[in-house]
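Novice: Build me a model:
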Amino acid sequence: MIRIDDKALAAITNARALLDTMLAGGWNEVCVQGEEGDYFLARHPGTPNPLTAPPAAAVSPAAAASPPVQAPAARAVTAPHVGTVVWLAPVGTAVGEGAAVARLAVLDETVEVAAPAGGTVTGHGVKVGDLAEFKTELVTLQG
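Specialist: Okay, here's the model as predicted:
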């Protein structure tokens, strides 16, 4: 049996209260930031975790004034549900529409995530072993 101290019991009680409030209030997501840590909960159709988003970069006036350059369209392939990332197509790999670009472990299954269109893998939004939440960017396709 695991012994739970008062601090852990208080954290569990607070987490239960937060979940009950989320469900009763019809909320799709909750983000809590505090001294003890940052927590993000989402249920379908929630949004990507804002705590894992990179900070917004400041735009210099010179960069803002330069004319836009048209690059080939990049597509983000996102997680269709929560799962642990077990495989990602390597950067530089050319894939066709419907080809697997990632695999997620969900319960005791491995689910492939297919490319919505053909292209080349140009980046990863997660690492193998990460917990990907619903709509988390897994890979970026170019072309």
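Novice: Once you drop chain neighbours, what's closest to residue 75?
Specialist: Leaving aside its chain neighbours, residue 75 sits nearest to residue 141 (4.6 Å; criterion: CB to CB, 6 or more residues apart in numbering). Yep, even glycine has a C-beta here, placed from its N, CA and C like the rest.
Novice: Give me the pLDDT value at the closest residue to residue 113 other than its chain neighbours.
Specialist: Distance criterion CB to CB, 6+ apart; nearest residue to residue 113, sequence neighbours excluded, is residue 102 at 4.2 Å. You'll see residue 102 listed with a pLDDT of 96.
Novice: Dig out what residue 102 forms beta bridges with.
Specialist: Beta-bridge pairing of residue 102 under DSSP bridges involves residue 88, residue 113.
Novice: What about it, how many residues nearby?
Specialist: 26 (other CB atoms under 10 Å).
Novice: residues contacting it?
Specialist: When contacts are counted by CB atoms under 8 Å, 6 or more residues apart in numbering, residue 102 touches 77, 79, 85, 87, 88, 89, 112, 113, 138, 139.
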